[in-house]
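Colleague: what's the 3D shape of this:
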Amino acid sequence: MNYAIVEASGKQFWIEPGKFYDLNYIDLNPGDKIALVRVLLVNNNGNVSVGYPCLENTSVEATVLGHIQSKKITVYKMRPKKKTRKKQGHRDNLTRIMVNSISISGSTLS
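Modeller: Residues are numbered from 1 along each chain as shown. Here you go, the predicted structure:
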């Protein structure tokens with residue numbers, strides 16, 4: 001099983017080729033290619049490479065599928081005995097990407 005752990009949009013993701021992931025909003029058009037270069041770990045059929053902090057000459061190629069919004073969260077604030085209540089909803093903007101391949105020093109993992 002081939003996978004990589006990358007740092008993107010302030011979070012760490014376990015990335016596998018052929019799957020899609022939701023990142024924080026990136027200002028790109030659907031169909032654009034993106035390369036994630038902050039790769040922290042790569043597992044190539046049991047051969048694990050760990051960076052300190054990142055691996056050199058390693059990247060993850062992905063395609064932007066589109067832009068979506070996350071699930072709605074409700075923020076409710078209340079001050080007891082003061083008769084003040086505030087209910088507010090929030091949805092984050094996300095970018096959905098499809099991982100095409102993981103590249104290590106020019107060789108591609110499928």
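Colleague: List the contacts of the residue nearest the centre of the chain.
Modeller: Against the mean C-alpha coordinate of the chain, by CA atoms, centre = their mean, the closest residue is Leu23 at 4.0 Å. Contacts for Leu23 (CB atoms under 8 Å, 6 or more residues apart in numbering) come out as Ala8, Ser9, Lys11, Phe13, Leu94, Thr95, Arg96, Ile97. For the C-beta atoms, the positions are set from N, CA and C on the backbone; glycine is no exception.
Colleague: One more: Lys71?
Modeller: Arg91.
Colleague: Can I get stretch 15-33 as CSV, trimmed to CA atoms?
Modeller: Coordinates of each C-alpha in stretch 15-33 appear next as CSV, following Å, rounded to 0.1, in the frame of the first residue of the first chain:
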residue,chain,number,x,y,z
ILE,A,15,-2.8,10.9,1.1
GLU,A,16,-3.4,7.9,-1.1
PRO,A,17,-3.4,8.0,-5.0
GLY,A,18,-6.9,7.8,-6.6
LYS,A,19,-8.8,9.3,-3.6
PHE,A,20,-10.1,12.8,-3.0
TYR,A,21,-9.6,15.1,-0.1
ASP,A,22,-11.0,18.5,1.1
LEU,A,23,-8.5,21.2,1.9
ASN,A,24,-9.0,24.8,3.0
TYR,A,25,-10.0,27.1,0.1
ILE,A,26,-7.4,27.4,-2.5
ASP,A,27,-7.9,30.1,-5.2
LEU,A,28,-7.7,27.8,-8.3
ASN,A,29,-10.1,26.8,-11.0
PRO,A,30,-11.6,23.3,-11.3
GLY,A,31,-9.3,21.2,-13.5
ASP,A,32,-6.1,22.9,-12.5
LYS,A,33,-3.1,20.8,-11.4
